[in-house]
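S.K.: sequence below, structure please.
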Amino acid sequence: MTLTEPYRVLVAEKIADTGVDMLRERFDVDLGTDWTREELIEKIGAYHGILIRSATKLDAELIERADALKVIGRAGVGVDNVDVPAATKRGIVVANAPEANTVAAAEHTVALMLALARNIPQAHASLTSGKWERSKFGGTEVDGKTLGVLGFGRIGQLVAIRARAFGMRVIAFDPFVSTERFRELGVEKAEEPGDVLKAGDFITLHLPKTPETQGFINAETLAQCRDGVRIINVARGPLVVDEDLKAALDSGKVAGAALDVFAQEPITDHPLFGYRNVVVTPHLGASTAEAQDRAGVQTAEQVVNALTGGVVSTAVNIPPVSAEDMEVLGPFIPLAARLGKIVAALAESSSVERVEIEHMGRIAERDTRLLSLSVLNGLLAGRTEEEVNLVNAPTLAEERGIQVSDRREAHARDFSDLIRVTIVAGGERVRVVGTTLGHRHRPHLLEAWGQRFNVQIDEPHLVLFRYSDVPGMVGRVGSTLGDHGINISAAAVGRHDEAGGDDLAVMAVTTDTVVPDEVVADIAGSDGFVSGRAISFN
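M.R.: Numbering: from 1, shown residues only. The predicted structure follows:
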């Protein structure tokens, strides 16, 4: 195919006609909505762009046959049906439509809350079955009630705006949303999740699914809630332990629940489906005509941009970097992401206001935007309802009112290159510093919690402890970890040598297995220790 011929785009699943028309204005477009996998394997090599939804599985085998493919557009949020590493390896941009369903999900949340408060589905079923049971379905008003929001990203904020219009008090928890953003929306900022649990008459979940959030609504957290609380989940099914919610409903601790998502889907047999005070829908959060159309149009826009040299703002894989810059900066990308994760774990405040990223040394002579994106990616990953990537991280930070500054300096003291990341949170400043060393460019952490040391952090897990600078503390950590079958890969200690410094030291320990939170808490709560943090880089 010569350069004078137009690009060919395949629309493999149904999208909005507006999106198809947009593509046809610029490219040769084929509709393959009824193609079998065998047909797709045979024909995909002829296309430069492809649009899919969730049914088409673009695995490594298909991508390997896509000789001309430059962009994959996923008309929706998740990209689980795309082998993103395989696409990245072949230089194929993968773009999705992460904002297409935010309004739909927020409206469905509010609809479920109102249906739960007024027993609408139950009353409808009763009346259409031939019964007039007016006195049986008396509800409760939401005006004057408190809505607790766990996770205050795009959807959580839209829910809060709508709840405020109903006269509700809203309290929310999200450590990665600025105080100013809470203030703009008239929402109270909770310092910890327990504050939301204790205050909410209704509690709605808008959390990502991570090892930390999985099973968040359980017997322990439900016990912290008000008697008669109502739970709403339009986020992720695994956030709720079904058995514990069932027990709380049986006991009367929870007055009702509204669920749109479940741990296993599709599902038609669930222990809560027969409950009169439970409202359920089959994962309808994004199922509006507008959301589906919006997803198709937004994805078509991204495909157009990818094939015409525009900015692909929703790409989920690495944005393009010149070969010369990548040769120098490439080894620092994993370091930058790890520094972002570390500083996020060390920030004790519940409200991050500002992130300051400094690149020093020879890397400062290059285009360091990719490194800054990697820092933000590490900082926000697993802490937002939306899936974070190198392209949308700045937008997610902006939406949360987090200011980001980026500075470059040609000189780096003591090392050829340094990356310094500082979080300003609740008036406190938390800083970490790192570099790469050796011909393999191993990532090293050089500073944390105000102390300097040098520890290689290429193992999957890191634990940091702050403690009184007295003899025997390192041995106590080693013994406790050993008692739990955890092997230390590397360790380093930082302490003040100069007069006038505080008497606290910092210990950094890397391990090849995860250190459970209870083990960290046990050490951090023992005599002489001030705090501890565990960070996993997986």
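S.K.: so residue 458: helix, strand or coil?
M.R.: Under DSSP: H, G, I helix; E, B strand; the rest coil, the three-state class of residue 458 is coil.
S.K.: my guess is it contacts residue 441. True?
M.R.: No: with contact defined as C-beta atoms under 8 Å, residue 458 does not reach residue 441; the gap is 9.8 Å. In this view, the C-beta of every residue, glycine as well, is placed from N, C-alpha and C.
S.K.: what comes into contact with stretch 208-228?
M.R.: 150-151, 193-194, 197-201, 203, 205, 207, 229, 231, 233, 235-236, 238-241, 244-245, 247-248, 252-255, 382-387, 536 (C-beta atoms under 8 Å, 6 or more residues apart in numbering).
S.K.: just the buried ones from those residues, in PyMOL syntax?
M.R.: To isolate the buried members of the contacts of stretch 208-228 in PyMOL, using 16 or more other C-beta atoms under 10 Å:
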select buried, resi 150+151+193+197+198+199+200+201+203+205+207+229+231+233+235+236+238+239+240+241+244+245+248+253+254+255+382+383+384+385+386+387+536
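S.K.: out of the contacts of stretch 208-228, which are inside strands?
M.R.: Among the contacts of stretch 208-228, DSSP state E puts 150, 203, 205, 229, 231, 233, 254-255, 536 in strands.
S.K.: max pairwise distance over the residues you listed: which two?
M.R.: Largest separation among the ones in strands among the contacts of stretch 208-228 by C-beta to C-beta: 255 and 536, giving 36.9 Å.
S.K.: buried residues in the lengthiest helix in the chain, which are they?
M.R.: Criterion DSSP state H: the longest helix present in the chain is helix 289-308. For helix 289-308, the neighbour count (16+ other C-beta under 10 Å) marks 291-307 as buried.
S.K.: now swap in stretch 181-196 and tell me
M.R.: 181-182, 185, 187-190, 193, 195-196.
S.K.: now the helices for the stretch 51-200 of the chain?
M.R.: 60-65, 84-89, 102-118, 120-128, 154-165, 179-185, 193-199 (DSSP state H, counting those that start in this stretch).
S.K.: what about the closest residue to residue 188 other than its chain neighbours, how many residues nearby?
M.R.: Distances taken as C-beta to C-beta, 6 or more residues apart in numbering put residue 171 closest to residue 188, at 4.2 Å, once the chain neighbours are dropped. As a burial measure, residue 171 scores 22 neighbours (other C-beta atoms under 10 Å).
S.K.: about what we covered before: the longest helix of the chain - contacts with which helices or strands?
M.R.: helix 17-24, strand 49-52, strand 71-74, strand 93-95, helix 102-118 (3 or more C-beta pairs under 8 Å, 6 or more residues apart in numbering; DSSP states H and E).
S.K.: strand partners (parallel or antiparallel) of the third one?
M.R.: Based on DSSP bridges, the strands next to strand 71-74 in the sheet, each with its direction, are strand 49-52 (parallel), strand 93-95 (parallel).
S.K.: and those strands, which one averages the lowest pLDDT?
M.R.: Mean pLDDT values for the strands paired with strand 71-74 show the minimum at strand 93-95, a mean of 92.
S.K.: looking at this structure, which helix or strand is least sure?
M.R.: helix 323-329 (a mean of 81; mean pLDDT, DSSP states H and E).
S.K.: pull the distance from it to the chain's centre.
M.R.: Distance of helix 323-329 from the chain centroid (C-alpha atoms, centre = their mean, to the nearest Å) equals 28 Å.
S.K.: so how far is the very next helix or strand once past it from its chain's centroid?
M.R.: Using DSSP states H and E, the helix or strand that follows helix 323-329 towards the C-terminus is helix 332-346. Put simply, helix 332-346 sits 15 Å off its chain's centre (C-alpha atoms, centre = their mean).
S.K.: got the CA positions of helix 332-346 in CSV?
M.R.: The C-alpha trace of helix 332-346 is given here as CSV (Å, rounded to 0.1, in the frame of the first residue of the first chain):
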residue,chain,number,x,y,z
PHE,A,332,14.6,5.8,34.9
ILE,A,333,11.0,5.0,34.1
PRO,A,334,10.6,2.1,36.6
LEU,A,335,12.5,4.2,39.3
ALA,A,336,10.1,7.1,38.8
ALA,A,337,7.0,4.9,39.1
ARG,A,338,8.4,3.4,42.3
LEU,A,339,9.3,6.7,43.8
GLY,A,340,5.7,7.8,43.2
LYS,A,341,4.4,4.7,45.0
ILE,A,342,6.8,5.2,47.9
VAL,A,343,6.0,8.9,48.5
ALA,A,344,2.2,8.2,48.3
ALA,A,345,2.6,5.6,51.0
LEU,A,346,4.6,7.9,53.2
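S.K.: quick one: low-confidence residue ranges for the stretch 201-350 of the chain.
M.R.: By pLDDT under 70, the low-scoring segments of the stretch 201-350 of the chain are 318-323, 349-350.
S.K.: what sits against residue 432?
M.R.: By C-beta under 8 Å, 6+ apart, the contact set of residue 432 is 339, 342-343, 346, 420-421, 445, 447-448.
S.K.: buried residues in the helix or strand hosting it?
M.R.: Element membership of residue 432 [criterion: DSSP H and E] is strand 428-437. Applying a neighbour-count criterion of 16+ other C-beta under 10 Å, one finds 430-436 buried in strand 428-437.
S.K.: quick one: average confidence on it?
M.R.: 95.
S.K.: does anything pack onto the helix or strand just after that strand? Which helices or strands?
M.R.: Using DSSP H and E, the helix or strand that follows strand 428-437 in sequence is strand 442-448. Here strand 442-448 touches helix 332-346, strand 428-437, strand 451-456, strand 504-511, going by 3+ C-beta pairs under 8 Å, 6+ apart.
S.K.: the closest residue in space to residue 409 that isn't next to it in sequence pairs with what?
M.R.: Using C-beta to C-beta, 6+ apart and skipping residues adjacent in sequence, the residue nearest residue 409 is residue 360, 4.7 Å away. Beta-bridge partners for residue 360, by DSSP bridges, are residue 409, residue 418.
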